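Novice: Got a predicted structure plus its sequence, pasted below:
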Amino acid sequence: WIIGIIAFIIIILVSFAGLIYFIAGALDQGSGDYRSISFRGSADVALIPIIGVIESSSSSSSLFASDTVNPDKINNNIDDAVRKGYSAIIFEINSPGGTVLASKEIADKIKSANLTTVAWVRDVGASGGYWI
């Protein structure tokens, strides 16, 4: 029975890897900074990346400006996805967090979007990244 459990775990892991591979292959570049994922026979899903330190442009004090997440940009992407009629949004999160206000702005916008949302946490999802 131990071999059966190990085989079951391997099947689950391979299935999950296949799903990730399928999603990555289905991506096509949309407008703005997010992508659209199209599934045959169903509605489109938006993929919005939240990668880097979360801080508003007025508080940008990071040494790595290219690795920052601006809540205005993310919120505009969410509004655009709602306006275009996406059925769901996947948030690809890889963030150590950031300022409280900037993280709260994004979290509040996600709640107000009233869409199905999925948080796909990559390497890091701490502090504000976890909150989102």
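Specialist: Happy to help now that I have it. These numbers come from a predicted model, not from an experiment.

Novice: tell me which helix or strand of this structure sits lowest on mean pLDDT?
Specialist: strand 27-29 (a mean of 39; mean pLDDT, DSSP states H and E).

Novice: hmm, who's touching stretch 99-115?
Specialist: Residues outside stretch 99-115 that contact it (C-beta atoms under 8 Å, 6 or more residues apart in numbering) are 50, 54-56, 59, 69-71, 74-75, 78-79, 81-82, 86-89, 91, 97, 117, 127-129, 131-132. No exception for glycine: its C-beta is placed from N, CA and C like everyone else's.

Novice: filter the residues you listed to the buried ones?
Specialist: Neighbour-count burial (16 or more other C-beta atoms under 10 Å) applied to the contacts of stretch 99-115 gives 50, 54-56, 69-71, 74-75, 78, 81-82, 86, 88-89, 91, 97, 117, 127-129, 131-132.

Novice: And the helices in the protein, which stretches?
Specialist: Here the chain has its helices, by DSSP state H, at 2-26, 71-83, 100-113, 128-131.

Novice: Pick the most deeply packed of these.
Specialist: Mean neighbour count (mean count of other C-beta atoms under 10 Å) peaks for helix 128-131 among those, with a mean of 21.
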